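Novice: model this:
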Amino acid sequence: MVSYIQSITFEYLWGLLLTTKTSDWIFAVSVFVFAILSFLFLKRLLLGRSLELTHFTLPSFFIIIYIFLMSLPSIIWFCSLTYPIRYSYFFAIQSVPILFLLGVMAANAVFRHPSSIVRGFLSSSLTKTRQDSCVFPFYLVTVLSSIVIVTVYISVADYVPLIGSFTRYGEMEGQIVRHSIYKVPEIIQYAYALTVRFFLPFCVLYAYLMAYVCKGRWRYSFLIMFCLALFSSMMSLERSNTLGLFILLILAHYSIKNVLIAKKQATILVVALIVGGLMHRAQYQLDINLKNIMGYMVGFFISRIWLDPSYMTFVAFNEYNYATTFLYGKSIRVLSLFGVEHVHFSSVGFVGDLWANFGPLGVIIGTIIIGFILQFIQLRFFKKKSILTLMIYIMLLLNGAWLMYGSVLSTMVVSVYLLSILLLLVFLPIIEGAVGVERSIVPMVSHPNTSKEDQ
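Specialist: Okay, the predicted model is just below:
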């Protein structure tokens, strides 16, 4: 069933549209439209401007990506796959935005005037502060550590996919190439994953933002760091790490210029999709013909980026469809640290993971918790823009999006959140002293004259 996603093309989707029962399409589209309208109405009624959809905050970026990657394509799977579980799957997917609002609202209750906090961060401009130089030693240590970790990975791995593709392309089966990273010791797997998901992106963003503020030699430092990060992320031919690096640049440009669609960003996106399409072919050691490069790009975007998360979620729902016992946390690797038996389960997205482990109650409670955490982090740590806060902010935007592809408590997602919060806690007093930001974490007391805008 999983390989089914590989064959998705525009022609297939068009044929599906013509052959699926009209009543299914009408029902699915009606439910989708109703869910989105309900979400927008409740957002305006309950949250005011504390959840901005026209500007990216941690929760707003998450829910926009969710609607695009999950809510919308779930219509296709509801109409084309006739398994009985499709109704539970479809209603669970469409309910997430509304449940998410409840979590955001709960986080708002902890702060005074959350809308003002959000607007204050979004409207502030990037400023150079004395804390920027405090980050520099950490930046140097991170660069050196990353080089050491990547070197160790290359030295201990029996087969490095990127190097092997240049020297012996097609001689090894695609599945072996794809899973070769898992043959190195687990500690090196984790160190390498942390390097390409946190350490090197941190360095790239620091150099990028310093180049914007300070100009001069930092421009060359950024180019060197980006090349190092790109090379390192491509070593395992894992597409998400490389794609994420390009997305970080797009988000960085947006965060500085406050412009989402620009020529520079569009160029970066096209390059990212081309690289992703080529890496997808290389990961499975498939023939590569540069004449078909646009086809690779489009296929990669449709099947691997857009349709894959919602389809893998359907796989989880179908496998755990009331007739089987839920896993009750066994697939969540982090819980194994507390003695819970670990059962390997494919990456099925956070909704599929919540369902497979805890059923409908897991989807409801888990989604509310995610909404609460993202809004709490937004309000607690992001008051004004500085180089450090903007770096962490951009990384957390992307990290939230990875929940669509991974699991609800995947080791890497949790690691990035914890390390990011740790850095903010360490540097936050310096940041607030430098930019003159007053803390506002006192629990909110009801004020009869508080306007809806500050709810």
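
Novice: can you list contacts of stretch 171-182?
Specialist: Under the criterion C-beta atoms under 8 Å, 6 or more residues apart in numbering, residues 157-161, 164-165, 189, 192, 236-238, 282-286 lie in contact with stretch 171-182. Using the backbone N, CA and C atoms, a C-beta is placed for each residue, glycine as well.

Novice: Ok, stretch 415-429 next?
Specialist: Contact with stretch 415-429 is made by 131, 134-135, 138, 194, 197-198, 377, 381, 388-389, 392, 395-396, 399, as judged by C-beta under 8 Å, 6+ apart.

Novice: I only care about these that end up buried; give me the PyMOL line for that.
Specialist: Applying 16 or more other C-beta atoms under 10 Å to those, the buried members can be selected in PyMOL as follows:
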select buried, resi 131+135+138+194+197+198+377+381+388+389+392+395+396+399
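
Novice: Looking at the contacts of stretch 415-429, which are in strands?
Specialist: The subset of the contacts of stretch 415-429 located in strands under the criterion DSSP state E is empty.

Novice: and which of the contacts of stretch 415-429 is nearest to Leu307?
Specialist: Looking at the contacts of stretch 415-429 and their distance to Leu307, the nearest is Asn399, at 21.8 Å (C-beta to C-beta).

Novice: buried ones in stretch 161-173?
Specialist: Within stretch 161-173, the residues scored as buried using 16+ other C-beta under 10 Å are Pro161, Leu162, Gly164, Ser165.

Novice: can you check stretch 51-65 too?
Specialist: For stretch 51-65, burial by neighbour count (16+ other C-beta under 10 Å) applies to Leu51, Glu52, His55, Phe56, Thr57, Leu58, Pro59, Ser60, Phe61, Phe62, Ile63, Ile65.

Novice: Next one: the first one, what pLDDT does it get?
Specialist: We note a pLDDT of 92 for Leu51 in this prediction.

Novice: ditto for the fifth one
Specialist: Per-residue pLDDT puts Thr57 at 94.

Novice: Can you give me the neighbour number for the closest residue to it other than its chain neighbours?
Specialist: Among residues not flanking Thr57 along the chain, Gln378 sits closest, at 5.2 Å (C-beta to C-beta, 6 or more residues apart in numbering). Neighbours of Gln378 under the rule other C-beta atoms under 10 Å: 24.

Novice: need the contact list for Gln378.
Specialist: Gln378 neighbours (C-beta under 8 Å, 6+ apart): Thr57, Leu58, Pro59, Ile117, Val118, Phe121.

Novice: now do Tyr153
Specialist: By C-beta under 8 Å, 6+ apart, the contact list for Tyr153 reads Val160, Val184, Ile188, Ala191, Tyr192, Met235.

Novice: Ser407 too?
Specialist: Neighbour list for Ser407: Ser331, Ile332, Arg333, Phe345, Ser347, Val348, Gly349, Phe350, Asp353, Val413 [criterion: C-beta under 8 Å, 6+ apart].

Novice: Any chance of JSON lines for the residues you listed, columns pLDDT, distance to Gly103 and neighbour count?
Specialist: Listed next are the contacts of Ser407 as JSON lines, based on pLDDT from 0 to 100; distance: C-beta to C-beta, whole Å; neighbours: other C-beta atoms under 10 Å:
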{"residue": "Ser331", "pLDDT": "81", "distance to Gly103": "22", "neighbour count": "25"}
{"residue": "Ile332", "pLDDT": "79", "distance to Gly103": "19", "neighbour count": "23"}
{"residue": "Arg333", "pLDDT": "77", "distance to Gly103": "23", "neighbour count": "17"}
{"residue": "Phe345", "pLDDT": "77", "distance to Gly103": "24", "neighbour count": "19"}
{"residue": "Ser347", "pLDDT": "82", "distance to Gly103": "23", "neighbour count": "19"}
{"residue": "Val348", "pLDDT": "88", "distance to Gly103": "21", "neighbour count": "27"}
{"residue": "Gly349", "pLDDT": "90", "distance to Gly103": "17", "neighbour count": "28"}
{"residue": "Phe350", "pLDDT": "94", "distance to Gly103": "13", "neighbour count": "28"}
{"residue": "Asp353", "pLDDT": "93", "distance to Gly103": "17", "neighbour count": "28"}
{"residue": "Val413", "pLDDT": "90", "distance to Gly103": "17", "neighbour count": "20"}
